[in-house]
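J.: Attaching a predicted model along with its sequence, questions to come.
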Amino acid sequence: MALNFSCCTSLSLHNQVDCIDCAADASVVSAVNEGIGAAMDIVPLRRPWVMISVNDDEDLHFRKAAFDPSDCPLDCSRPCEAVCPANAIKLEEGEFLQGGVINERCYGCGRCLPVCPYDKIKAVTYLRDAAATAELIRRNDIDAIEIHTNGSRQTASFEELWNGLSDSISYLRLVAISFPDLGKSTTMLMNSLFSIMKPNLSCYNLWQLDGRPMSGDIGRGATREALAFAVRLASAEDKPPGFLQLAGGTNAHTINGLKKHGLYQSMSTGTRKEKSSLSTSLIGGIAYGGYARKIVGRILRNMESEHGLSCIEDHPEYLREALEEALALVAPVKCYNDGSPLAPSPLP
C-alpha cells in the first residue's frame, strides 16, 4: 500500500485537513480506515480524509515490476534487490533462482528496470475500471479521489473515466488531478480537463504538479524539478480554478525551497486578502509519496526484525514513532509549532 501524506495548507485554514492516498481497492481502503482508527486511539488528532488514486491511461504510478526468476542466471549479482527502495524483490538460490517481485510491496518506481544486466525485468501497467471505482466511492468511506493523467493532449480517456465515475463524484469532498510538466501547454491541458469536470464538480478541486515522479526519497536534488514546476504554475494567469499541490520529488527539503521562491505561506502569516488568493496563486499543499514510504518502510522493517510479521497497532511504540515522524514532516506546513490554536494536543 502506497501512502501519500498530503497536507493542503489552503484548506487547512478552515479544516486542518490531511489526506492519506491509497490504491483504489476495497481491502486497501478498509485497511487504511482501520489504521486511521488505531492511530486516533493513540493520538487525538482530527481524522484525515481517505483518498483513492486511479489513472486514465498508462502512468508510472500504476505499474509493477515483473520477471521470471527461473530465467535469471544463478551467478547474477542481483542489483535489482539492492536498488529497490521498497524491498519488493527477494531472490533465493536453489536449483535455480526462486522468489521474484513481491507485488504487495512494489509501487512501480522502475529503478530495477535499467539495472538488470540481462534485461529480464518488465513493467506491467494496469488500469482501474471506472465502474468498479464508482461503486467503491459509493461505499461512503472515501473522501477524495486523485486522477493521474499522463499529459496527453487527447483528453478522450480522461473524459471516459470521468463520465464513468458519474454521480459517485457527489460523494466526494475533493477531486485532485495529477499531471506532469508539459511546459507551455500545461495550462491548456488543465483548462481542457476542468471543462470536462465542471458540470458535475460539486466539491474542492486540486491540481497536483508531478514534478519528478516517485523520487522524493532520493535526496535534496530531487525536489528541484518539482519546485521549478511550482514556480511557473503559481504565476500562470490562465490556469483554471483550484488549489495547486506539489508532488513528485517532495521531501524534507521542499518547504525551504518554497520559501526561497516566495511560494510558502503559513496559516499564521499574511493578510486576509493574501490568504483569500491562495487558491489561485501560492502552493496550497504538498504531497509526500516516496519520502513518506521511506519513513513508514524503515519503521515497519525495524518492527518486523524485532517482532516478526505483525500489526503495527499491536506495537504502539512503533506506531507512535511513525506518527511523530509524520507530524514532524507536516508541522511546518500546518504550523503545529507556531502557537496556532489549531495545533493538536501533545503526544502522550
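T.: Right, received. Where do you want to start?
J.: residues near residue 27, how many?
T.: 9 (other Cβ atoms under 10 Å). Quick note: C-beta positions are derived from backbone N, CA and C, even for glycine.
J.: So what touches the helix or strand harbouring it?
T.: Per DSSP states H and E, residue 27 falls inside helix 26-42. Identification of contacts with helix 26-42 by Cβ atoms under 8 Å, 6 or more residues apart in numbering yields 1, 20, 22, 45, 47-48, 50, 52, 136, 139, 141-142, 312-313, 316, 319-320, 323, 348.
J.: Among those residues, name the ones in strands.
T.: Counting by DSSP state E, the contacts of helix 26-42 place 20, 22, 50, 52 in strands.
J.: So which of those residues wins on neighbours?
T.: Taking other Cβ under 10 Å as the neighbour criterion, residue 52 ranks highest of the ones in strands among the contacts of helix 26-42 with 24 neighbours.
J.: For residue 157, give me the backbone phi and psi.
T.: Main-chain torsions, residue 157, degrees, to the nearest 10: phi -70, psi -40.
J.: Surely it and residue 58 touch.
T.: No - using Cβ atoms under 8 Å as the test, residue 157 is too far from residue 58 to be in contact (9.6 Å).
J.: how about the CA coordinates for the helix holding residue 27, as CSV?
T.: Provided in CSV are the C-alpha atoms of helix 26-42 (Å, rounded to 0.1, in the frame of the first residue of the first chain):
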residue,chain,number,x,y,z
ALA,A,26,-11.7,-2.2,-1.2
SER,A,27,-9.4,-4.1,1.0
VAL,A,28,-6.8,-1.4,1.0
VAL,A,29,-9.3,1.3,1.8
SER,A,30,-10.6,-0.8,4.7
ALA,A,31,-7.0,-1.2,5.9
VAL,A,32,-6.4,2.5,5.7
ASN,A,33,-9.5,3.3,7.7
GLU,A,34,-8.6,0.7,10.3
GLY,A,35,-5.1,2.1,10.5
ILE,A,36,-6.5,5.7,11.0
GLY,A,37,-8.8,4.4,13.8
ALA,A,38,-5.9,2.7,15.5
ALA,A,39,-3.7,5.9,15.3
MET,A,40,-6.5,8.1,16.6
ASP,A,41,-6.8,5.8,19.7
ILE,A,42,-3.2,6.7,20.5
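J.: buried sites along that helix?
T.: 28, 29, 32, 33, 35, 36, 39 (16 or more other Cβ atoms under 10 Å).
J.: picking that back up, check the ones in strands among the contacts of helix 26-42 against residue 95 and report the nearest one.
T.: Distance to residue 95 across the ones in strands among the contacts of helix 26-42 (Cβ to Cβ) is lowest for residue 22, with 38.9 Å.
J.: so how far is residue 249 from that closest one?
T.: Counting by Cβ to Cβ, to the nearest Å, the separation of residue 22 from residue 249 is 21 Å.
J.: try residue 170
T.: Residue 170 is 34 Å from residue 249, by Cβ to Cβ.
J.: Residue 94 now?
T.: Taking Cβ to Cβ, one finds residue 94 at 40 Å from residue 249.
J.: neighbour count winner among the two?
T.: Neighbour totals were compared for residue 94 and residue 249, and residue 249 leads with 30 against 10 (other Cβ under 10 Å).
J.: Distance of residue 253 relative to residue 174?
T.: 26 Å.
J.: re earlier: ok, the buried residues of helix 26-42 vs residue 101, which is closest?
T.: residue 28 (18.1 Å).
J.: Quick check: mean pLDDT of the strand or helix carrying residue 178?
T.: Using DSSP H and E, residue 178 falls within strand 174-180. Averaged over strand 174-180, pLDDT sits at 94.
J.: Who are the packing partners of that strand?
T.: strand 49-55, strand 144-148, helix 186-197, strand 204-210 (3 or more Cβ pairs under 8 Å, 6 or more residues apart in numbering; DSSP states H and E).
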